[in-house]
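Peer 1: Turn this into a model:
(chains A and B)
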Protein chains: 2
Amino acid sequence: MELIESVNNLKIKQIAKLHTRKERKKSNQFLVEGFHLVEEAAKSHIDIEMILTVNPDKLTEIMVENSKQQYEITFKIAEKLSQTEAPQGIYAVCNMPDVANTKFDKVLYLDRIQDPGNVGTIIRTADAAGMDAVVIAKGTVDIYNDKVLRASQGSVFHIPVIEMAFEEACSKVNGKVFGTSLHNGVDFKSIEKPESFMLVLGNEGQGVDGAILEQTDQNLYVPIYGDAESLNVSVCAGILMYHLI
Amino acid sequence: MELIESVNNLKIKQIAKLHTRKERKKSNQFLVEGFHLVEEAAKSHIDIEMILTVNPDKLTEIMVENSKQQYEITFKIAEKLSQTEAPQGIYAVCNMPDVANTKFDKVLYLDRIQDPGNVGTIIRTADAAGMDAVVIAKGTVDIYNDKVLRASQGSVFHIPVIEMAFEEACSKVNGKVFGTSLHNGVDFKSIEKPESFMLVLGNEGQGVDGAILEQTDQNLYVPIYGDAESLNVSVCAGILMYHLI
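Peer 2: Presented below is the predicted three-dimensional model:
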């Protein structure tokens, strides 16, 4: 296995850039850190470009089989690539799923949801519900955030999670686009199960962006019968997805 | 307003004991700490025995109107009663709702759920869904835990949250008792909306206790269509409650 020793190695410099959203979007790649998550990625359908590790002995069979290249790196490089305080020294550079010519039947669109735990839980629920993809708007929390990955319990690797503008996401779905809004919406239970749809969920405090709500086919709400002011957005997502699927 | 100066005052000693579950159960009282939560309690139907504060000027009209007694306390006493590192110096001693002779139509039973955030979110969802009460089993996280109160966003004060054994809780409901289990259960969508029911949710890792599952009328599950191994228990609670109500 080839050893990379210099923190100034061009490959390493490029990989370190994957910590920025801009570079991930440009290169269509993302970086996964830590033994458990790299293994989850290797077990999934994700296309792994390379695995880098300070400890080649600990690479599992499935990690080697499902990655194109493997490199040994120094601990100094591991530190450079790490976003944690105690790096485990193992990384996977993954290619984002190519959805350029793909159409989906059931899509969830997340508009500026901020809490990593919420986003992770929602991706996990979307996976469980058999959704085809989760699309995240600019301004939504970074899905490669450690907390998101943890809360999603590997689901980030099970279904495509893509960053895309609302208009582009709409073009990926044949069916109706449902917004969520307490104003001018209909009770979700009045909706019959559609064959194809996109469901839009919004920011914890502000809800779905007004400009988006004007472009949806219909807006839904989950009725509140008691004294609670609102529902947690992950709970709301679960109720709506399991009704629509 | 009477001033209590001694940390050895009998009233204060008794109130400090409310930090233990045993004493709360014995006295049927619980302690609420912090300005926001005391105000939430005052706005709700909760019966407030007394409010204690280091700063009587800051008591709001609604706090005075909805509590039987008010006392000024010293900062030393406030520290004794506090469970936070930076006490705000305001406390409410509340009487637990008396449900001895009450029957409920719609009850949620929480069997040893451990995560305070989950329990808080579930209580908030139960409130939103218009459930009549949440019953918690021994071994469930303490609902007067700060994190539970925060995640419930005040819902702990909107509906009765009671600690009770499973058999006793069953006697409070006329309708069917539904467990949740991936084994020997039926798809929740096959259940028609019941007039009265109790829904049982279980521990994050282990699910509902086996002995309880044997005593239920029917066990439900939320089907998993994708690759996720399970659903978060708060999400599952939301899906099931909003289907059954």
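
Peer 1: interface residues of chain A facing chain B?
Peer 2: A:44, A:117, A:121, A:124-131, A:153-155, A:158-159, A:222, A:224-232, A:234-239, A:242-243, A:245 (CB under 8 Å from any CB of the partner chain). Bear in mind the C-beta positions are built from the backbone N, C-alpha and C, glycine included.

Peer 1: can you do 7 Å?
Peer 2: A:121, A:124-125, A:127-130, A:153, A:155, A:158-159, A:222, A:224-229, A:231-232, A:234-235, A:238-239, A:242, A:245 (CB under 7 Å from any CB of the partner chain).

Peer 1: So which of those are in helices?
Peer 2: When DSSP state H defines the helices, the subset of the residues of chain A next to chain B inside them is A:121, A:124, A:125, A:127, A:128, A:234, A:235, A:238, A:239, A:242.

Peer 1: Am I right that residue A:107 is in contact with residue A:171?
Peer 2: No. Between residue A:107 and residue A:171 there is no contact under CB atoms under 7 Å: 10.9 Å.

Peer 1: neighbour count winner among the two?
Peer 2: More neighbours surround residue A:107 than the other of residue A:107 and residue A:171, with 26 against 9 (other CB atoms under 10 Å in any protein chain shown).

Peer 1: Doesn't the more buried one belong to a strand?
Peer 2: Yes. Secondary structure of residue A:107 (DSSP: H, G, I helix; E, B strand; the rest coil): part of a strand.

Peer 1: residue contacts, it?
Peer 2: Counting by CB atoms under 7 Å, 6 or more residues apart in numbering or on different chains, residue A:107 makes contact with A:131, A:132, A:133, A:135, A:169, A:172, A:173, A:198.

Peer 1: name the element residue A:135 belongs to?
Peer 2: Element membership for residue A:135 (DSSP states H and E) is strand A:133-136.

Peer 1: What pairs with that strand, parallel or antiparallel?
Peer 2: Note on strand A:133-136: by DSSP bridges, its sheet partners are strand A:106-111 (parallel), strand A:161-163 (parallel).

Peer 1: Nearest approach to residue B:24 belongs to which of these?
Peer 2: strand A:106-111 (40.2 Å; CB to CB).

Peer 1: now the angle from that closest one to helix A:233-244?
Peer 2: 160 degrees (axes from the mean of the first three to the mean of the last three CA atoms, to 10 degrees).

Peer 1: Quick one: distance of strand A:106-111 to the chain centre.
Peer 2: On the basis of CA atoms, centre = their mean, to the nearest Å, strand A:106-111 sits 11 Å off its chain's mean C-alpha point.

Peer 1: quick one: the helices in chain A?
Peer 2: A:10-16, A:21-27, A:35-43, A:61-65, A:75-81, A:116-128, A:146-152, A:166-170, A:210-213, A:233-244.

Peer 1: and the ones you listed, which one is worst for confidence?
Peer 2: When the helices of chain A are ranked by mean pLDDT, helix A:146-152 comes last with a mean of 82.

Peer 1: Can you give me the buried ones in that one?
Peer 2: A:148, A:149, A:150, A:151, A:152 (16 or more other CB atoms under 10 Å in any protein chain shown).

Peer 1: Hmm, residue A:56 is touching residue A:1, no?
Peer 2: Yes. If you go by CB under 7 Å, residue A:56 and residue A:1 touch, sitting 5.2 Å apart.
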